[in-house]
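Q: Sequence isn't available, so here's the structure alone:
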């Protein structure tokens with residue numbers, strides 16, 4: 001009977017050890033999986049933020065360039081007397097997009113430039129306002 005009790009004890013100890021090892025292994029594997037999943041989610045979040053920032057940058061750049069193009073068309077019409085009837089309307093639409101895209105500093109510089117265009121300001125005043133707009137746009141794209 002002692003042999004039977006020793007064998008049973010050895011079997012119970014072996015089973016308990018195996019079960020304990022499995023539990024420890026499972027917890028360790030689970031913790032590693034959770035850390036890996038957390039890292040993957042953080043990488044995904046950062047990637048999405050970078051993509052959003054790139055889209056915003058591109059949209060702003062396009063808006064700023066569109067405003068400059070429309071401004072150039074109005075300036076050319078003013079210099080030569082030839083142009084399209086809708087040039088000023090295009091400039092107003094481009095200004096609206098700049099105001100929508102922002103930031104506020106760039107929108108304010110664009111509005112100041114537009115005010116000078118509406119008042120048919122002198123070329124040197126327009127040039128200075130254009131430079132202020134360009135500087136604000138550069139800062140807005142950083």
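A: Thanks, I have the structure now. Here the structure is a predicted model, which is why all the values come from computation and not from measurement. Residues are numbered from 1 along each chain as shown.
Q: pLDDT weak spots in the chain?
A: Along the chain, the model assigns pLDDT under 70 to residues 1.
Q: quick one: what helix or strand has the residue minimising distance to the centre of it in it?
A: Residue closest to the average C-alpha location in the chain (Cα atoms, centre = their mean): residue 53, at 1.2 Å. If you go by DSSP states H and E, residue 53 is part of helix 2-80.
Q: Which elements pack onto that helix?
A: With contacts taken as 3 or more Cβ pairs under 8 Å, 6 or more residues apart in numbering; DSSP states H and E, helix 2-80 sits against helix 87-101, helix 104-118, helix 123-140. Placement of C-beta: from N, CA and C, glycine included.
Q: Okay, buried residues for the longest one please.
A: In this case it means helix 123-140. By 16 or more other Cβ atoms under 10 Å, the buried positions in helix 123-140 come out as 126, 129, 130, 132, 133, 136, 137, 140.
Q: tell me what it is packed against?
A: For helix 123-140, the packing partners by 3+ Cβ pairs under 8 Å, 6+ apart come out as helix 2-80, helix 104-118.
Q: Highest mean neighbour count out of these?
A: Most buried of the helices and strands packed on helix 123-140, by mean neighbour count (mean count of other Cβ atoms under 10 Å): helix 104-118, with a mean of 18.
Q: Tell me which residues are up against that one.
A: For helix 104-118, the surrounding residues in contact (Cβ atoms under 8 Å, 6 or more residues apart in numbering) are 60, 64, 67, 71, 74, 88, 91-92, 95, 98-99, 125-126, 129-130, 132-133, 135-137, 139-140.
Q: just the angle between it and helix 123-140, please?
A: 160 degrees (axes from the mean of the first three to the mean of the last three Cα atoms, to 10 degrees).
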